[in-house]
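A.B. asks: Here's a sequence, model it:
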Amino acid sequence: MKGLDQKTVMITGANQGIGLATAERFAAEGARLCLVDRSFSNETRDKFADHQLLAADLATPEGMQATIALMQEQNCDVMINNAGITRDASIAKMTREDWDKVIAVNLTAVFELSQAAAVMMKARGSGCILNASSVVAHNGNFGQTNYAATKAGVVAITQTLSRELGRYNVRVNAVAPGFIVTPMTDAIPEKVLEKIGQKPPLARLGRAEEVAAAYAFLASDDASYITGATLNVDGGLVLG
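C.D. replies: This is a model prediction of the structure:
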């Protein structure tokens, strides 16, 4: 992708799944990486030994402060708010703790990191913020009131910031994955996964590498006239 070898990129939730695949893609493109997660496996540390890794919990003030400090220290060109968690339950069974935890990681952290990135990028006159939404932002999902609310909120943040920051040459976009094979899907029975995979028009589950490719495109100079967009990487699932 054009220009990625000249960029410093921060990726949250980078130890596994989509975040790890995104880190691998940007590293392959020659980008300098700042990777953030609550913890890192030895395999991930070895793979990205030449890059900056920070173990931090974005739901805590200390973790957020450390992440923002690294972003500013490295003068990141691209901020990818990929970190996300689920605490699924039907509305009758969902606890306030379930709600608060998901809001803290999936929405409040996006706000705080985007705010810090916006100040830095605005002063510099360039930059790119990418946010992780989801197909559930469009249609909701049973047992995911908290998660769907955060992912819809991410779309709203993306659109609002694109209006605020466009004049400063800062682009803000989102990626909305559908059903993607990640470590989170390992506990789902194979027959259930097969059934889920038949729902999109492309009739299969997505791969983390396909979401990573969307991030790479939106961060690259090839997407220099794209802002305020949410790119669905869902095999056409939102078509119904």
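A.B. asks: contacting residues for the residue nearest to the spatial centre of the chain?
C.D. replies: By C-alpha atoms, centre = their mean, the mean C-alpha position of the chain lies nearest to residue 82, the distance being 2.0 Å. Applying C-beta atoms under 8 Å, 6 or more residues apart in numbering, we find residue 82 in contact with 11, 12, 13, 14, 18, 19, 22, 132, 215. For the C-beta atoms, the positions are set from N, CA and C on the backbone; glycine is no exception.
A.B. asks: one more time with 6 Å
C.D. replies: By C-beta atoms under 6 Å, 6 or more residues apart in numbering, the contact set of residue 82 is 11, 12, 13, 19, 132.
A.B. asks: element containing the nearest residue to residue 78 once chain neighbours are set aside?
C.D. replies: In this structure, residue 78 finds its nearest non-sequential neighbour in residue 9, 4.2 Å apart by C-beta to C-beta, 6 or more residues apart in numbering. Element membership for residue 9 (DSSP states H and E) is strand 8-12.
A.B. asks: ok, that strand: who's next to it in the sheet?
C.D. replies: Each strand paired with strand 8-12, and its direction, by DSSP bridges: strand 32-37 (parallel), strand 78-81 (parallel).
A.B. asks: Residues contacting the shortest one, please?
C.D. replies: Contact partners of strand 78-81, identified using C-beta under 6 Å, 6+ apart, comprise 7, 9-12, 110, 113, 117, 128-131, 215, 219.
A.B. asks: again, only using 8 Å
C.D. replies: By C-beta under 8 Å, 6+ apart, strand 78-81 touches 7-12, 22, 31, 71, 109-110, 113-114, 117, 127-132, 154, 215, 219.
A.B. asks: which residues of the chain fall in strands?
C.D. replies: Taking DSSP state E, the strands of the chain run over residues 8-12, 32-37, 52-55, 78-81, 127-132, 170-177, 180-181, 206-207, 230-233.
A.B. asks: Pick the most deeply packed of those.
C.D. replies: Mean neighbour count (mean count of other C-beta atoms under 10 Å) peaks for strand 78-81 among those, with a mean of 28.
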